[in-house]
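>>> attaching a predicted model along with its sequence, questions to come.
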Amino acid sequence: MARLFARLGLLLAALTTNLSYGATKPDLITVIVDDLGIGDAGFTSDSETGLFSPSIDALAQSGVVLSSFYVQSACTPTRAALLTGLYPMRTGMQDFVIKQTAPNALPSSFTLLPQYLKQVGQRSSKLATSSESSPFDVFQAGYATALVGKWHLGFYQRDYHPQQRGFDQFYGMYTGDADHYTQVASSRVWIRGSEGLQDVSVSGVDQRNGSARLQPDSTLHSTERYTSILEGVIRSTPPSVPLFAVLAYQAVHFPMQVDTDLYTDARCQSIVEDRLIDVDVDNRKIVCGMLLGVDRSVASICDTIKDTRSWDDTLIFFISDNGGDPRWGSLNLPFRGHKDEVWEGGVRVPAFAAGGFLQRAMEAASTQPYVSEALMHVTDVPVTLMHLVGLGDDAVGLDGFDQWDAIVRDTESVRTEVVININSATFRNGGAIRVGDYKLILEWNATVHDTVSEVMSLLAESETLPSEEYIQALVQQAMGSESKKYLFNVAMNPSEVFEGGCEEKEACTSLYNDPEFEDIRVVLQERYDEVAREALDPVFKWQDDGPLASPYLFGGFWTEWRDSNDDPFAVYGLSDARESCTVFVTGCGDGDGDGDKNGDGDGDSTTNGNGVAASTSTSTDGTLSHSPNARGGMTNDISSPDYVPMSMRAFLGAIAVLAVLFAAHRAHTRSRDGERAFLKQATGNFRYEAL
């Protein structure tokens, strides 16, 4: 009830604020930088160890820096939270990211932010026939919606694609990472046969313009490409139509690739090892260059808005999707931890709100640009935007809060807690919650990411279809038998130091076993348990479609590989001539009925107009060395688009073994004429073949 009254009070305050500085509905731009750590961005980092982002810093300092902004520890859950306004455990996205060949996605039963924003226009037509007026009448017009960049919320069926989830325009990639120039995304799968486990590369281009597949200009880095596309969207959207756009950069995510002029920038080359604990210096120089590229692009986008639309009617949210990864050169100091962990370094990220629309609101409220310490979560972004455009009723029941008044007026946060994450029972309900200044952490000996990697590797060695009990036993083995619990005052101890040794124990000690803080621990644990009981079953499953999803079967592109009945377009079969495990493709191309497997319009299965399929080579030694990319830039981790780090090979490969086992067990795929195909065993060598 208190929460309801708080929402009502803030809604009234927002009405007053909105109407006082204009009646124009704002353009809403959300910029996501991938894997940017708190110690990377200039506006949040130490001047001695941070990187360089002058344009981004200036934009942040013209608005409100959100210094206590939380996201999830990995990209898929954060993106789900951003677009739904719900904690991932309420959408089934709490456990793991979506891998390229995994048949799962953000459930379509959840309405996404662009779908809400598109509905506003429908309501406007109803209001036009009504004699009653609303204080939000000035905001009643539907938004044009666009996603440029990374999706990573599932694509194995067409219904899960961005344009089926509310985005009018989509240009970008479905998967989690790809070569920044060629857009080749790779995965490794293992196939079990008479010769044992075989390592098979699964690679293809991941770039779309709507549903059309594209061969990207390999001279352009993904940051430059996506920036150019968004600028085109901005210019082409009629001024009378409000725009909602998500710009989801691939940078600064692996693979570590950057243009030469950015890599050789004196500021990046000045980076030395001093104070860079457990961070690869060569990779950090590349991160530096990638961030400079993002910085240059953000400045260009702002100029485009000012030239073609109205800066005074533009609101920008800038966030990272999770903490940085030190292996690839990112830094999360002064926080402990990194991406994939619930320590502050994995979930507390660079973020700010800016734009002329916010500046006008702050001027009306007599507020100067500042750094906000108000507690916020990524779910607050969609809810705040929904309230701002008159969709507050639709936000009821979501986990986010309307933080507009807190941002504009520099007041306390509406929220008093953040459920950082609670994993499913599969991963023993590990996670973290913050209530007020205190944070409870429940972890095990291994993260979910590491656990999945180890378990999948062990499953690859299994000769039979593993039972759920057997899989869970492997999980228990990987995670360890005893949990580790911590309680911190993160206001006094943001680095989550637990070794002690300072005068004020709340500043350098875990308080979990301290009798003085038992009442606080009990309150947080009870709240944690309560939320865990409300969680949905996870989308993550111990299965993977492996070769059935291979781009080889679809003209060299990543695309949906199951139809609306959940049947794959490809089937496993046995080749009598070679006694080999064969994957047959059924249907035409990518299942869209156009007979064109690669989207170039020629009806063939090659990856370019002249009938020549693109070829790639594979790095097999796993070494890290500098080599030129297509543009003469620098790369520090791949020697070909197919390269996957050695630490990930067992994981990405082992999952396909389950694909074979599940295909055999379910007998659920179909042949070209609609009859069921059944694979009793996989023997000999693996190959692809048209059916």
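Yep, that arrived.
>>> apart from its neighbours in sequence, what residue is nearest residue 525?
residue 440 (6.5 Å; CB to CB, 6 or more residues apart in numbering). The C-beta positions use only the backbone N, C-alpha and C, and glycine is treated the same way.
>>> pLDDT score for the one you found?
In this model, residue 440 is scored at 98, pLDDT.
>>> give the contact list for the spatially most central residue of the chain.
Closest to where the C-alpha atoms of the chain average out (CA atoms, centre = their mean) is residue 75, at 2.9 Å. By CB atoms under 8 Å, 6 or more residues apart in numbering, the contact set of residue 75 is 34-35, 97, 150, 152, 176, 253, 321-322.
>>> and what of residue 337?
Per CB under 8 Å, 6+ apart, neighbours of residue 337: 323, 343-346, 496.
>>> what's the answer for residue 242, then?
By CB under 8 Å, 6+ apart, the neighbours of residue 242 are 25-28, 141-144.
>>> any idea what sits nearest it, other than its immediate chain neighbours?
residue 25 (4.6 Å).
>>> that neighbour - how many residues pack around it?
A count of nearby residues for residue 25, using other CB atoms under 10 Å, gives 23.
>>> mind starting the numbering at 50 from now?
With the count now opening at 50, the last piece we talked about shows up as residue 74.
>>> was I right about it contacting residue 434?
No. Contact criterion CB atoms under 8 Å: residue 74 and residue 434 do not qualify, at 10.9 Å.
>>> beta partners for residue 234?
residue 253 (DSSP bridges).
>>> OK, contacts around it?
Contacts of residue 234 (CB under 8 Å, 6+ apart): 149, 222, 224-228, 252-255, 607.
>>> any idea whether the residue nearest to residue 574 is helix, strand or coil?
At residue 489 the chain is in strand, as set by DSSP: H, G, I helix; E, B strand; the rest coil.
>>> what's the residue nearest to the centre of the chain sitting at in phi/psi?
phi -70, psi -50 (degrees, to the nearest 10).
>>> residue 309 - how many residues pack around it?
14.
>>> go on, residue 412?
Residues near residue 412, counting by other CB under 10 Å: 12.
>>> if you rank every helix and strand of the protein by mean pLDDT, what lands last?
Every helix and strand of the chain was ranked by mean pLDDT, DSSP states H and E. The lowest is strand 676-677, at a mean of 28.
>>> thinking again about what came up before, ranking the contacts of residue 124 by neighbours, who comes first?
Most surrounded of the contacts of residue 124: other CB under 10 Å gives residue 371, at 30 neighbours.
>>> do you know how far that residue is from residue 155?
17 Å (CB to CB, to the nearest Å).
>>> next: residue 222.
16 Å.
>>> now swap in residue 318 and tell me
In terms of CB to CB, residue 318 sits 41 Å off from residue 155.
>>> do residue 509 as well
In terms of CB to CB, residue 509 sits 28 Å off from residue 155.
>>> report pLDDT for residue 70.
44.
>>> one more: the one 5 residues further on?
pLDDT, the model's per-residue confidence, is 95 for residue 75.
>>> quick one: neighbours of it, just the number.
Around residue 75 there are 26 residues (other CB under 10 Å).
>>> in the chain, where is pLDDT below threshold?
50-73, 170-190, 239-248, 323-326, 622-740 (pLDDT under 70).
>>> can you show me the strands along the stretch 50-199 of the chain?
76-82, 113-115, 118-119, 193-199 (DSSP state E, counting those that start in this stretch).
>>> host element of residue 402?
Residue 402 is part of strand 400-403, with elements assigned from DSSP states H and E.
>>> hmm, back to that, if you count what's nearby, which of residue 509 and residue 155 comes out ahead?
Per other CB under 10 Å, whichever of residue 509 and residue 155 has more neighbours is residue 155, with 25 against 19.
>>> for the more buried one, which residues are in contact?
Residue 155 neighbours (CB under 8 Å, 6+ apart): 129, 132-133, 140, 142, 202-203, 209, 214, 588.
>>> so for residue 307, what's the nearest residue that isn't a sequence neighbour?
residue 338 (3.7 Å).
>>> the one you found: what secondary structure?
With three-state DSSP as the criterion, residue 338 reads helix.
>>> how about it, what does it touch?
Counted by CB under 8 Å, 6+ apart, residue 338 has contacts 307-308, 311-312, 314, 317, 683.
>>> turn those residues into CSV, columns for neighbour count.
Below are these laid out as CSV (neighbours: other CB atoms under 10 Å):
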residue, neighbour count
307, 30
308, 24
311, 24
312, 23
314, 17
317, 21
683, 21
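>>> name the nearest of those residues relative to residue 282.
residue 308 (23.2 Å; CB to CB).
>>> where along the stretch 50-199 of the chain do the helices fall?
51-69, 103-110, 124-133, 162-177 (DSSP state H, counting those that start in this stretch).
>>> and the second one, how far out from the chain's middle?
If you compare the mean C-alpha spot of helix 103-110 with that of the full chain, they lie 23 Å apart, counting by CA atoms, centre = their mean, to the nearest Å.
>>> show me what that helix is packed up against.
Helix 103-110 is packed against helix 330-357, strand 363-369, strand 400-403, with contacts defined by 3 or more CB pairs under 8 Å, 6 or more residues apart in numbering; DSSP states H and E.
>>> most tightly surrounded among those?
Across those, averaging neighbours per residue (mean count of other CB atoms under 10 Å) puts strand 400-403 on top, at a mean of 27.
>>> check the offset of the helix or strand residue 443 falls within from the chain's centre.
Per DSSP H and E: residue 443 is located in helix 441-444. Between the centre of helix 441-444 and the centre of its chain there are 25 Å (CA atoms, centre = their mean).
>>> buried residues, it. List them.
The neighbour-count criterion (16 or more other CB atoms under 10 Å) identifies 441, 443-444 as the buried residues of helix 441-444.
>>> closest to residue 103 out of those?
Ranked by distance to residue 103 (CB to CB), these are led by residue 444 at 35.6 Å.
>>> now the closest one: how far from residue 438?
Distance from residue 444 to residue 438, by CB to CB: 11 Å.
>>> can I get stretch 439-453 in PDB, CA atoms only?
C-alpha atoms of stretch 439-453 as PDB (Å, rounded to 0.1, in the frame of the first residue of the first chain):
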ATOM      1  CA  GLY A 439       1.300   8.600 -19.900                       C
ATOM      2  CA  LEU A 440       1.500   4.900 -19.600                       C
ATOM      3  CA  GLY A 441       1.700   4.700 -15.900                       C
ATOM      4  CA  ASP A 442      -1.200   2.400 -15.600                       C
ATOM      5  CA  ASP A 443       0.600  -0.200 -17.700                       C
ATOM      6  CA  ALA A 444       3.600   0.000 -15.400                       C
ATOM      7  CA  VAL A 445       1.600  -1.200 -12.400                       C
ATOM      8  CA  GLY A 446       2.900  -4.600 -11.400                       C
ATOM      9  CA  LEU A 447       6.300  -4.100 -12.900                       C
ATOM     10  CA  ASP A 448       9.500  -4.200 -10.800                       C
ATOM     11  CA  GLY A 449      10.800  -0.800 -11.900                       C
ATOM     12  CA  PHE A 450       9.900   2.500 -10.400                       C
ATOM     13  CA  ASP A 451       9.200   5.900 -11.900                       C
ATOM     14  CA  GLN A 452      12.400   7.800 -11.000                       C
ATOM     15  CA  TRP A 453      11.800  10.900 -13.000                       C
END
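>>> tell me the secondary structure for residue 436?
Criterion first, three-state DSSP; result for residue 436: helix.
>>> correct me, but it touches residue 451?
Yes. With contacts counted by CB under 8 Å, residue 436 reaches residue 451, the gap being 4.1 Å.
>>> higher neighbour count, those two?
residue 436 (26 against 23).
>>> and the residue nearest to residue 574, how many neighbours?
Counted with other CB under 10 Å, residue 489 comes out at 23.
>>> again with residue 297
Neighbours around residue 297, by other CB under 10 Å: 22.
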